[in-house]
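Enquirer: sequence plus the predicted model coming up.
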Amino acid sequence: MGRLYRTCNGDVTVNKCEGKCNSQVQPSVITATGFLKECYCCRESFLRERQLQLTHCYDPDGVRMTDHESATMEIRLKEPVDCKCFKCGEMVR
């Protein structure tokens, strides 16, 4: 109906991809800038769906909900399982 029923939050630990990838710059007579850049970025290579339970739920007035049905919320998110270096700008499928 478009009315806020509850807001839920919680502290959860999730995986993320971060790290170093080797990139390089070479002189080039072909490119307008005079350099050929190969940039690589660390990104997710495989995602896994994970189900989490948020245990701090509040009504629209900010009062914490206590009845079992409304006091928790299950959500699904996709988190990285594996990370790789990809050429920057490439789309990962």
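Expert: Now that the structure is in, tell me what you want to look at.

Enquirer: ok, and what's touching the strand or helix carrying C8?
Expert: When elements are assigned from DSSP states H and E, C8 belongs to strand 7-9. Counting by Cβ atoms under 8 Å, 6 or more residues apart in numbering, the neighbours of strand 7-9 from elsewhere in the structure are 54-58, 60, 72-73. To be clear about C-beta, it is placed using only N, CA and C from the backbone, and glycine gets the same treatment.

Enquirer: in this protein, what residue sits furthest out from the centroid?
Expert: Relative to the C-alpha centroid of the chain, counting by Cα atoms, centre = their mean, V29 is the outermost residue, at 39.2 Å.

Enquirer: for that one, what is the enclosing helix or strand?
Expert: V29 is part of no helix or strand, with elements assigned from DSSP H and E.

Enquirer: same check on E49?
Expert: Counting by DSSP H and E, E49 is found in strand 40-54.
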